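1. structure, please.
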Amino acid sequence: MNDTEMIINPSRGKGDPKLPASGLLLINPAEADAGLQLAKNWGGLQHFLFNSRLVLVPENELSGSLFIAGPAVGAPMAVLTLEKLVALGARRIIVYGWCGSLNDTLRIGDVLLPIWAISNEGTSAHYPVNSRPESNATTRQTLSEGLAAQGLTTLSGPVWTTDAPYRESVAQVNQLSEQDILGVDMEYAALIAAAAFRKVELAAVLLVSDELWSGKWKPGFRTKEFKKKSRDILNYLIEFCQKARGN
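-> Got it, this is the predicted structure:
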């Protein structure tokens with residue numbers, strides 16, 4: 001089916017802003033609160049975005065304009081938000097969130113740059129594409145180099161996206177780890193499918209917040225060290241998007 005056969009299509013409504021091409025979609029509420037507050041401090045204006053929020057930061061003499069949106073937890077909410085961003089003009093979207101590690105090569109505080117995903121959620125199937133969708137390779141490589149320069153350990157590879165974080169079994173995690181699936185999240189498979197369907201660029205940065213690969217849950221997102229690292233990554237990604245001129 002094409003869009004003309006859909007009953008409801010994403011669109012730019014009366015009073016909606018025209019977005020610059022590049023910006024951030026922040027998954028978690030804590031990062032969204034911090035990013036949106038920074039954007040407002042720089043003169044950004046907040047706009048309606050369903051149950052999420054959107055701030056548009058104007059261009060100045062030092063950096064380009066960008067948008068910051070979030071939070072958007074879970075595949076349906078994340079894709080609903082993405083659809084609206086694309087309708088408003090977004091063309092290069094950087095997603096920032098957290099993930100669990102399914103492989104002992106990834107530890108708490110490391111960064112995963114997902115390429116493709118195994119879908120165990122219900123949204124991505126509604127966005128059919130001819131080939132397996134992947135994150136933008138050029139953007140992913142640039143992000144990898146930039147984050148490594150910040151002293152972060154980064155890996156690229158596939159993830160498992162699930163709607164049910166409380167239903168991750170030992171057998172399932174072991175099977176996925178043996179297939180070299182590196183991490184687990186709740187949004188990426190749906191986001192990359194929707195981005196491919198809408199023909200926009202998308203890359204994601206996932207900070208490892210917990211480990212599942214041992215068969216026991218090891219959370220790390222409560223520590224001061226983790227929270228500082230997450231905020232440092234957020235600041236870096238804002239700067240990354242601001243440098244993406246040509247908006």
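
2. alpha carbons only for contacts and neighbour counts from here, please
-> Noted.

3. what's opposite the residue nearest to the spatial centre of the chain in the beta bridge?
-> Nearest to the mean C-alpha position of the chain, by C-alpha atoms, centre = their mean, lies Val95 at 2.2 Å. For Val95, the beta-bridge partners are Leu25, Ala204 (DSSP bridges).

4. who's in contact with it?
-> By C-alpha atoms under 8 Å, 6 or more residues apart in numbering, Val95 lies in contact with 24-27, 202-205.

5. export those to CSV and tack on distance to Arg12, neighbour count and pLDDT?
-> Output for the contacts of Val95, formatted as CSV (distance: C-alpha to C-alpha, whole Å; neighbours: other C-alpha atoms under 10 Å; pLDDT from 0 to 100):
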residue, distance to Arg12, neighbour count, pLDDT
Leu24, 19, 25, 97
Leu25, 18, 26, 98
Leu26, 21, 30, 98
Ile27, 22, 24, 98
Leu202, 20, 23, 98
Ala203, 23, 25, 98
Ala204, 25, 25, 98
Val205, 27, 25, 98
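
6. turn these into TSV, columns for distance to Pro71.
-> Listed next are the contacts of Val95 as TSV, based on distance: C-alpha to C-alpha, whole Å:
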residue	distance to Pro71
Leu24	11
Leu25	8
Leu26	6
Ile27	5
Leu202	17
Ala203	17
Ala204	15
Val205	15
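
7. specify which member of these is nearest to Thr162.
-> Thr162 lies nearest to Ile27 out of these, by C-alpha to C-alpha, at 14.7 Å.

8. still on that earlier bit, from the contacts of Val95, which is closest to Leu106?
-> Nearest to Leu106 among the contacts of Val95: Val205, at 13.7 Å, using C-alpha to C-alpha.

9. ok, that closest one - contacts?
-> Taking C-alpha under 8 Å, 6+ apart, we find Val205 in contact with 94-97, 111-114.

10. kindly report the same for Ala75.
-> Taking C-alpha under 8 Å, 6+ apart, we find Ala75 in contact with 121-123, 163, 186-191.

11. which residue is the nearest non-sequential neighbour of it?
-> Distances taken as C-alpha to C-alpha, 6 or more residues apart in numbering put Glu187 closest to Ala75, at 4.4 Å, once the chain neighbours are dropped.

12. surely the one you found meets Thr161?
-> Yes: counting by C-alpha atoms under 8 Å, Glu187 does reach Thr161; the two are 6.2 Å apart.

13. before we move on, the earlier item: narrow the contacts of Ala75 to those that are buried.
-> For the contacts of Ala75, a neighbour count by 16 or more other C-alpha atoms under 10 Å gives the buried set as 121, 123, 163, 186-191.

14. sort out which one of the residues you listed lies nearest Ala171 for me.
-> Once C-alpha to C-alpha is applied, the member of these that ends up nearest Ala171 is Asp163, at 17.6 Å.

15. that closest one contacts Asn120, correct?
-> Yes: here Asp163 reaches Asn120: they are 6.7 Å apart, a contact under C-alpha under 8 Å.

16. so which bits of whichever strand or helix holds Glu31 are buried?
-> Element membership of Glu31, judged by DSSP states H and E, is helix 29-41. Neighbour-count burial for helix 29-41, with 16+ other C-alpha under 10 Å as criterion, is recorded at 31-33, 35-36, 38-39.

17. how about stretch 106-120?
-> Within stretch 106-120, the residues scored as buried using 16+ other C-alpha under 10 Å are 106-120.

18. need the longest helix for the protein.
-> Ranked by residue count under DSSP state H, the longest helix found in the chain is helix 224-242.

19. ok, so of the buried residues of helix 29-41, who is nearest Lys218?
-> Checking the buried residues of helix 29-41 against Lys218 by C-alpha to C-alpha gives Glu31 as the nearest, at 21.3 Å.
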